[in-house]
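> What follows is a predicted protein model with its sequence.
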Amino acid sequence: MARDQIDMTPLQSRDELVAWIEAGVKPESEFRIGTEHEKTPFTLEGHQPVPYEGAKGIGALLEGMKLLLGWEPIMERGNIIGLYDVTGGGAISLEPGGQFELSGAPVETVHQTQSELMAHLAQVREIATPLGIGFLGLGMTPSWSREQIPVMPKGRYKIMRNYMPKVGKYGLDMMFRTCTVQTNLDFSSEADMVKKLRVSLALQPIATALFANSPFTEGKPNGFLSFRSEIWRDTDNARSGMIPFAFEDGMGFERYVDYALDVPMYFVKRGEEYIDVSGSSFRDFFAGNNKILPGERPTLSDWANHLSTIFPEVRLKRYLEMRGADGVPWGRLPALPAFWVGLLYDNDSLDAAWDIVRHWTAPERQALRDDVPRFGFKARIKDRYLFEIAKECLVLSHAGLRRRGRIDHLGRDESRFLEPLERIIEAGRSPAEEMLEKFNGPWKGSVEPAYQEYAF
């Protein structure tokens, strides 16, 4: 989330909530690709978490980036907490434990995604290296305890930190110890949104398996291939998961709005202040019945903020967000947008993908999602291994990208960005399984080598 919205028009009717999301509809010619990725900062010496304060802290890193890029600082109570590119639309923000996030600008091709990423890494290195800071490309911090991780000075995180333990076992781990890469994609109509939402929800476990690389907690194997994905199963089930209603008749913008109205809120932002309204629904707020803000009505800005605190496997805002993948080293990052663009932005591939998933039931989809963090490609649905389905989807994505025909200056189309995933399928094992082999072999039972091999 780049910056909390600032439209303070009070809302009159539910139709306005629907209209806000519906405003995302755009013609195919205007479809864009947004990629967001998080990475964990660590001290190059000693591989420790990086605090916000101090001459070599995260605050200093953001100040340096501001000077280098000329981007607008995002401030909160005198602290720099992010940067915003007024012209291009990209942003840099901080997750609760200092995870450094680039929210990429909306671009037209995966080639541009890669260029943006390379530029970002060069810029970050220029500032971070003299500060003694490196960045790790894993789905979860492999060696630190929750207590070791510093807290970033953001008001909304304080509210979430207090609320999370009330609603799930792993909320604080999600906030402080995980990293993801996600892709944001457009839709051309309500029907197009529903079709893409259904296909991508059902297939999200495939991205989880292909990108699984969080097998370590506090220096030891944790029994999972994507512990980040497991964490989401018990973070806050009122706002996450596989949203089975998306597959029911009558699904559309209104149905999602009705779901979102009942999801408990975290906060309301008024000026600089985050007001803790955690646990109360947007529906009550909308009716003027919020106990903390009696009689007050929400604004469009409150609605946009609330939608950004809902965490299903695929999230609907004014675009669709694919949320199933672990954070990965930079060489593999463009593979995520490439995978989903090939499946969802080509109508033949989208139809073929729908054919794969259309007969799955809600309990079957849920069981697959529940099994994939532990079993990866060996998870099953009906009588098939996820591995076979992943292989099929990769073929569809490849064909979709070829048909899209977006060529770079060397005449290559976007299918080249699937190569890391094709290597994973050829090897028949997820990145996490490869890491576990290293841990039990050349790494000699230590996760420390990850800070070299999986650093940006």
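Yep, that arrived.
> any weak-confidence spans in the stretch 201-350 of the chain?
By pLDDT under 70, the stretch 201-350 of the chain has no low-scoring segment.
> would you list every one of the helices in it?
227-233, 253-262, 282-286, 300-307, 335-344, 347-357 (DSSP state H, counting those that start in this stretch).
> Of these, give the one that comes closest to L396.
Closest to L396 of the helices of the stretch 201-350 of the chain, according to Cβ to Cβ: helix 347-357, at 4.4 Å. Just so you know, the C-beta spots here come from the backbone N, C-alpha and C atoms, and that holds for glycine as well.
> what packs against that closest one?
helix 190-211, helix 335-344, helix 386-404 (3 or more Cβ pairs under 8 Å, 6 or more residues apart in numbering; DSSP states H and E).
> For those helices, give me a markdown table that also has distance to P363 and mean neighbour count.
Shown next, in a markdown table, are the helices and strands packed on helix 347-357 (distance: least, Cβ to Cβ, whole Å; neighbours: other Cβ atoms under 10 Å):
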| stretch | distance to P363 | mean neighbour count |
| --- | --- | --- |
| helix 190-211 | 13 | 24 |
| helix 335-344 | 24 | 28 |
| helix 386-404 | 16 | 20 |
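> Of those, which is nearest G137?
Once the helices and strands packed on helix 347-357 are compared by Cβ to Cβ, helix 190-211 is nearest, at 10.6 Å.
> Can you check what angle separates the closest one from helix 335-344?
In terms of direction (axes from the mean of the first three to the mean of the last three Cα atoms, to 10 degrees), helix 190-211 departs from helix 335-344 by 140 degrees.
> Between helix 347-357 and helix 190-211, find me the angle.
Put simply, helix 190-211 runs at 70 degrees to helix 347-357, going by the same axes, to 10 degrees.
> returning to that earlier point: which of the helices of the stretch 201-350 of the chain sits most buried?
The highest mean neighbour count among the helices of the stretch 201-350 of the chain, using mean count of other Cβ atoms under 10 Å, belongs to helix 335-344: a mean of 28.
> same for that helix, what does it pack against?
Applying 3+ Cβ pairs under 8 Å, 6+ apart, one finds that helix 335-344 contacts strand 33-43, helix 110-128, strand 180-185, helix 190-211, strand 320-326, helix 347-357, helix 386-404, helix 419-427.
> at 7 Å instead, please
Judged by 3 or more Cβ pairs under 7 Å, 6 or more residues apart in numbering; DSSP states H and E, helix 335-344 is in contact with strand 33-43, helix 110-128, strand 180-185, helix 190-211, helix 347-357, helix 386-404, helix 419-427.
> And the contacts of the shortest one?
When you say that, I think you mean strand 180-185. For strand 180-185, the surrounding residues in contact (Cβ atoms under 7 Å, 6 or more residues apart in numbering) are 33-38, 228, 319-323, 325-328, 333, 336-337, 340-341, 344-345.
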